[in-house]
Every structure is written in structure tokens, then in C-alpha cells.
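**Student:** what's the 3D shape of this:
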Amino acid sequence: MNSIIEKVKKLNEVISELKNLDLSNPDLKNNIDNLSSQKTQLEIEKSQLEDKYKSLLEEHLNLAKKLEEIKNKEKLEKKKQTEFSDKIDELNQETDTLLEEIDKWQM
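**Tutor:** Predicted coordinates for the structure are as follows:
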């Protein structure tokens, strides 16, 4: 029981000290104001960085889409070139066949 009384007494002393604590200390107030100002500035910078990140992400997606379109166009052009080369080969073969036929008729 004695220890409870001592604990209550110590608790009352701490409460009394807390009540007497001077929160109007100019240094403390300045520190709190500075911290608040820094917090606000960091929040502004965070918001700006998030906006920049979103912008860069959107730009990345657009560039990736354009790159994919370019790759698709390149594939299409390559396919067209291959088809063109095949047609030229086919025409060359037909020309050779016709030349052979002409040679046969001339003999």
C-alpha cells in the first residue's frame, strides 16, 4: 500500500511540473514554426515530384506506343520488300522462260 501512495505522490509531482511547463519559450516556438514551414515546403516538393513522375510516366507510355508503331511499320515494310523481291524473281524466271522459248523458235 505504501508503494501505491508513493506512486500517486510521484505522479502528482509530475503532473504539477507539466502544468508549470512554459510552452511559450521563444526558441521552442521558433523551432516549431521552422519545422512547420519545412514540412509545408516538403509537401509542396513532394506534390511537384509526383506530378513530374506522372508526366514522365505518361511520356514513357506514349514513347513506348510510338516505338511499337515504328516496329510494326518496319515489319510491314520488310514484308513488302520481300514480296517485291519475290515478284521480281518471278518475273525474271518468266523472262528467262520466254527467252528460252524465243531461242527455240529461232532455231
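**Student:** and Glu74, helix, strand or coil?
**Tutor:** Three-state call for Glu74 (DSSP: H, G, I helix; E, B strand; the rest coil): helix.
**Student:** and it, how close does it get to Leu67?
**Tutor:** 10 Å (CB to CB, to the nearest Å). The way it works is simple: take the backbone N, C-alpha and C, and place the C-beta from them, glycine included.
**Student:** tell me who's in contact with the most far-flung residue of the chain relative to its centre.
**Tutor:** Distance to the chain centre peaks in the chain at Met107, reaching 76.2 Å (criterion: CA atoms, centre = their mean). By CB atoms under 8 Å, 6 or more residues apart in numbering, Met107 lies in contact with nothing.
**Student:** any idea how far the helix or strand harbouring Glu45 is from the chain center?
**Tutor:** Using DSSP states H and E, Glu45 sits in helix 26-106. Distance of helix 26-106 from the chain centroid (CA atoms, centre = their mean, to the nearest Å) equals 16 Å.
**Student:** what about Glu83, how many neighbours?
**Tutor:** 10 (other CB atoms under 10 Å).
**Student:** now do the helix holding Glu45, average pLDDT.
**Tutor:** For helix 26-106, mean pLDDT rounds to 92.
**Student:** which parts of the helix or strand where Ile15 lies are buried?
**Tutor:** Element membership of Ile15, judged by DSSP H and E, is helix 2-20. Buried residues in helix 2-20, counted by 16 or more other CB atoms under 10 Å: none are found.
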